[in-house]
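> From the sequence below, what's the structure:
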Amino acid sequence: MTTTEKDTHAAEVRAPEIRPRNVMGKLPRYAAGKPPAIIEGLQSYKLSSNENPFPPLPAVLEAISNRQDINRYPDPLSTALRTELAAFLDVPAEDIVTGAGSLGALNQLLSTFAGQNEHGIPDEVIYPWRSFEAYPISVGLSGADGVQVPLRADGTHDLEAMAAAITDRTRVILLCTPNNPTGPALTSVQVEDFLVQVPADVLVVIDEAYEDFVRDPEAVNGIEMYREHPNVVVLRTFSKGAGLAGLRVGYSVSHPPVTQYLRVAAVPFAVSQLAETAAVASLQHHGELVERIQGLVEERTRVVAGLKALGWRIPEAQGNFVWLDLGENTPEFAALAEQQALAARAFGTEGVRVTIGEQEANTRFLALCATYTKGPGVS
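Okay, the predicted model is just below:
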């Protein structure tokens, strides 16, 4: 067949009308943080993805550099990591299920416990909004209906409204603490009071992706809640504090009545040898990690104090980021940050989330805020 004949044949062959599931037309797209613009004379900084600005600990980098068996599949149960975590958290290793980041662990939970009943009626998953932008995507893909409960004006969960939203179709409730992107953390008292209002057959998932940065003594500890409540599941990750975002390793902690089904839905080989080795080494050098994390917490304190000194009103920041409730001024501020070689995460016309990054980046961010007259609370 000549080239001309091939072209003619290709034109005659009609592509089949390939249709995705109906839900795909209703789901938002996940928007990853953009890289910073290149501005001559300025060092660029990415403050848009809540990444740890520092690489993994030297001991971690050394540990993964020695792995040469990546031609083999990893241990599907991540036994070494679960054993290390069990000792670190003082929980049974059987209660831990690993996943590709805390998002991977969440997707495993939703695919196991939320979807549709035998009559094709969708289950319901309740979650705060605005919160982690993957929630509506993950819930929708599971086949369940998402029930978004608006945050309070101060960026905190409206737990009363979330409790009121529970119906006989509710299967899972997501609590994000500290809440991404606004920053406040839930307290132990708040969560305890909430849990007594939740039916025993509804899973309550406490998403603690940013727990390493929490310094509020009243903040909830998901592991303690899991110990006391059989329907509580905790999500954690090595992406943030440990700086392993690119290796995708997280986990859930729950009781055997949950894990017995969760292991069936867990994605095989989701955690690679490199990721498992890096996570284990991070736990074994946790003291060094705490020192590094504390440095970021101190930078967060400096940034928050600087914003308040400028008159900016922001929610309590317990993660590695701050939330600027800029409303319709969101695109303008994000564009000004880009002109300063700073990539910030803009959410439509709701606000801007800025990650705590390198000291110079944080200082430049504060300098920008000092010149911006439309900040929340600035008169």
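> Do a quick rundown of the strands in the chain.
Along the chain, counting by DSSP state E, strands occupy 45-47, 96-99, 124-129, 145-150, 170-176, 203-207, 232-237, 250-253, 321-324, 342-347, 351-355.
> I'd like to know which of the ones you listed lies nearest to residue 313.
strand 321-324 (9.5 Å; C-beta to C-beta). All C-beta spots, glycine's among them, are computed from the backbone N, C-alpha and C.
> And the residue nearest the centre of the chain, how close does it get to residue 117?
In the chain, the centroid-proximal residue (C-alpha atoms, centre = their mean) is residue 209; its distance is 5.4 Å. From residue 209 across to residue 117, the span is 30 Å (C-beta to C-beta, to the nearest Å).
> Residue 308 now?
49 Å.
> And the helices in the stretch 251-379 of the chain?
Remark: helices assigned in the stretch 251-379 of the chain by DSSP state H, counting those that start in this stretch are 256-265, 273-284, 286-309, 330-339, 359-371.
> How far does the fourth one sit from its chain's centre?
Computed by C-alpha atoms, centre = their mean, to the nearest Å, the chain-centroid distance of helix 330-339 equals 24 Å.
> Also the first one?
The chain centre lies 22 Å from the centre of helix 256-265; the measure is C-alpha atoms, centre = their mean.
> Determine the set of other helices and strands touching it.
strand 96-99, helix 101-113 (3 or more C-beta pairs under 8 Å, 6 or more residues apart in numbering; DSSP states H and E).
> I'd like the ones you listed laid out as TSV, including mean pLDDT.
As requested, these are exported to TSV (pLDDT from 0 to 100):
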stretch	mean pLDDT
strand 96-99	98
helix 101-113	97
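> Highest mean neighbour count out of the ones you listed?
Most buried of these, by mean neighbour count (mean count of other C-beta atoms under 10 Å): strand 96-99, with a mean of 26.
> What is it packed up against?
So strand 96-99, by 3+ C-beta pairs under 8 Å, 6+ apart, packs with helix 79-89, helix 101-113, strand 250-253, helix 256-265.
> Export it to PDB, keeping only CA atoms.
What follows is strand 96-99, C-alpha atoms only, in PDB (Å, rounded to 0.1, in the frame of the first residue of the first chain):
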ATOM      1  CA  ILE A  96      -1.700  -0.500  58.500                       C
ATOM      2  CA  VAL A  97      -2.400  -0.500  54.800                       C
ATOM      3  CA  THR A  98       0.100   1.400  52.600                       C
ATOM      4  CA  GLY A  99      -0.700   3.300  49.400                       C
END
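> How about residues contacting that strand?
The contact list for strand 96-99 (C-beta atoms under 8 Å, 6 or more residues apart in numbering) reads 77-78, 81-82, 85-86, 105-108, 249-254, 259, 262-263, 266-267, 270-271, 276.
> Now, of those residues, which are buried?
In the contacts of strand 96-99, burial by neighbour count holds for 77-78, 81-82, 85-86, 105-108, 249-254, 259, 262, 266, 270-271, 276, counting by 16 or more other C-beta atoms under 10 Å.
> who's in contact with residue 43?
341, 360.
> quick one: it from residue 341, how far?
7 Å.
> The closest residue to residue 56 other than its chain neighbours: how many residues sit nearby?
Nearest residue to residue 56 in three dimensions, chain neighbours excluded: residue 243, at 4.9 Å (C-beta to C-beta, 6 or more residues apart in numbering). By other C-beta atoms under 10 Å, the residues close to residue 243 number 22.
> quick one: residue 243 and residue 54 touch, right?
Yes: between residue 243 and residue 54 there is a contact at 5.8 Å, judged by C-beta atoms under 8 Å.
> domains in the protein, as residue ranges please.
Following automatic domain parsing, the chain resolves into domains at 30-54+288-371, 58-284.
> quick one: low-confidence ranges for the stretch 201-350 of the chain?
Across the stretch 201-350 of the chain, nothing is flagged by pLDDT under 70.
> Was I right to think residue 235 contacts residue 208?
Yes: with contact defined as C-beta under 8 Å, residue 235 reaches residue 208; the gap is 6.3 Å.
> which neighbours do those two share?
residue 222.
> follow-up on the earlier one: the helices and strands packed on strand 96-99: which one's closest to residue 362?
Nearest of those to residue 362, taken as C-beta to C-beta: helix 101-113 at 25.2 Å.
> got a list of contacts for the closest one?
Residues contacting helix 101-113 (C-beta under 8 Å, 6+ apart): 97-99, 125, 134, 138-139, 141-142, 144, 171-172, 174, 203, 205, 207, 209, 233, 235-237, 239, 245, 248-252, 258, 261-262, 264-267, 270.
> how about a cut-off of 7 Å?
97, 99, 125, 134, 138-139, 142, 171-172, 203, 205, 207, 209, 233, 235-237, 239, 248-252, 261-262, 265-267, 270 (C-beta atoms under 7 Å, 6 or more residues apart in numbering).
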